[in-house]
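J.: Predicted model and sequence follow; I will ask about them next.
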Amino acid sequence: MKILQPTDEAIKFAARALQNGELIGLPTETVYGIGASALNSAAIRKTFDLKRRPAENPLIVHVTSLEAASNLVSSIPDAARKLAKAFWPGPMTMVLPKTSLVPDEATGGLSTVAIRVPMSPVALAILFESGLPVTAPSANMFMGLSPTQADRIAPEILSGLACVIDEGPCHFGIESTVIDCTGSDLTILRPGAITRRMIETLTGLKVSPAAAEERRSPGMYRRHYAPKTPIRFVEALGPFDAGIGFSEPQSKYQFQLPKEPAGYSQRLYSTLYSLDQMSRLQILVESPPDDPEWEAVWDRLKKATGT
């Protein structure tokens, strides 16, 4: 059985697989990822092949601490150190200048590398046990929905993994915030649970949105994180509609999500997964509030619709 409970034996098995250049299903607090040694070019290429992911699309390297990343990055600005102290371990990724130790395959040929320290106890245990930095893009086919439960990893992905360590449903449910720390200002390349307001309050710096043509981190394609069923925004669900709303469901094809962004994010992908299994013509989504705290939710929904 490839899906294993997070026992000491399973963690050691997963760590050995990484050391041997194999791929694993790595649980994190954001989504489940495909883990590979970030120092092994062949293993990283296997990740891209398994996901059918374009080689230009950089990966995030997971480490146990900022100190553990010191040989992977050539410099760490003061703002990055402040962010790491406040939000690591946690759902925040920083883009920093890379050293030659990081293979070009992990960075899409860029001179920068995306780094984060996961909050998940199981992910950290695997990282410590393996002694490796680990790339871990979401365990989905390219542009598909990210799995937030181990048993929702698609069979075609599962077939390429030595194992999946099951930590249960992911705590945050959407991918990490990605911040470019290489310039004089900070830039959010992908919004997430660590919000723009939190970053600006901590650092005292203005945080800019990414330019549309930039692709310095994962999740920057116009269409991404999408179910197979088309999605459309509506003001309100009708009684025969299938989709996501804020009111009491009117049928088994409707799901009520929380009216606050953290709870909504946590359940978004799992709800889209359930709706995708219902073979409806489309999924309708009631538009969330137009508020800065909902930036990450809007980002994922717009990417799911390709708008």
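T.: Happy to help now that I have it. Numbering: from 1, shown residues only.

J.: Helix or strand with the lowest mean pLDDT in the chain?
T.: Every helix and strand of the chain was ranked by mean pLDDT, DSSP states H and E. The lowest is strand 207-209, at a mean of 83.

J.: What strands line up against the helix or strand following that strand, and which way round?
T.: Going down the chain from strand 207-209, the next helix or strand is strand 231-234, by DSSP states H and E. If you go by DSSP bridges, strand 231-234 pairs up with strand 283-286 (parallel).

J.: distance between the partner strand and the chain's centre?
T.: Here the centre of strand 283-286 is set off from its chain's centre by 23 Å, with C-alpha atoms, centre = their mean, to the nearest Å.

J.: Ok, stretch 36-46 next?
T.: Worked out by C-alpha atoms, centre = their mean, stretch 36-46 lies 18 Å from the chain centre.

J.: got it, and stretch 31-47?
T.: That offset, for stretch 31-47, works out to 14 Å (C-alpha atoms, centre = their mean).

J.: End to end on it, go ahead and measure it.
T.: By C-alpha to C-alpha, to the nearest Å, the extent of stretch 31-47 from end to end equals 16 Å.

J.: What of stretch 83-101?
T.: So stretch 83-101: terminal residues 24 Å apart, C-alpha to C-alpha.

J.: Give me the buried positions along that stretch.
T.: Within stretch 83-101, the residues scored as buried using 16 or more other C-beta atoms under 10 Å are 83-84, 87-98. Heads up, the C-betas are built off the backbone N, CA and C, glycines and all.

J.: circling back to that earlier point, Provide the contact partners of the least confident helix or strand of the chain at residue level.
T.: Strand 207-209 has contacts (C-beta atoms under 8 Å, 6 or more residues apart in numbering) with 179, 185-188, 196, 199-200.

J.: So which of these belong to helices?
T.: The helices, defined by DSSP state H, take in 196, 199-200 from the contacts of strand 207-209.

J.: what about the stretch 201-307 of the chain, any weak spots by pLDDT?
T.: The model of the stretch 201-307 of the chain has pLDDT under 70 over residues 211-223.

J.: which of the ones in helices among the contacts of strand 207-209 has the most neighbours?
T.: Ranked by the number of neighbours (other C-beta atoms under 10 Å), the ones in helices among the contacts of strand 207-209 place residue 199 first, at 22 neighbours.

J.: For that residue, give me its contacts.
T.: Counting by C-beta under 8 Å, 6+ apart, residue 199 touches 83, 177, 179, 186, 188, 205, 207.

J.: can you rerun that using 6 Å?
T.: residue 207 (C-beta atoms under 6 Å, 6 or more residues apart in numbering).

J.: ditto for residue 191
T.: 177, 295-296, 299.

J.: just to revisit the earlier point, let's have the buried residues of stretch 83-101 in CSV, adding pLDDT.
T.: CSV is the format used below for the buried residues of stretch 83-101 (pLDDT from 0 to 100):
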residue, pLDDT
83, 97
84, 97
87, 98
88, 98
89, 98
90, 98
91, 98
92, 98
93, 98
94, 98
95, 97
96, 97
97, 97
98, 97
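
J.: Sort out for me which of the residues you listed are in helices.
T.: Those of the buried residues of stretch 83-101 mapping onto helices are 83-84, 87, per DSSP H.

J.: picking up where we left off before, what about the contacts of residue 191, which are in helices?
T.: Members of the contacts of residue 191 lying in helices (criterion: DSSP H): 295-296, 299.

J.: which among the residues you listed gets closest to residue 15?
T.: Nearest to residue 15 among those, counting by C-beta to C-beta, is residue 296 at 31.3 Å.
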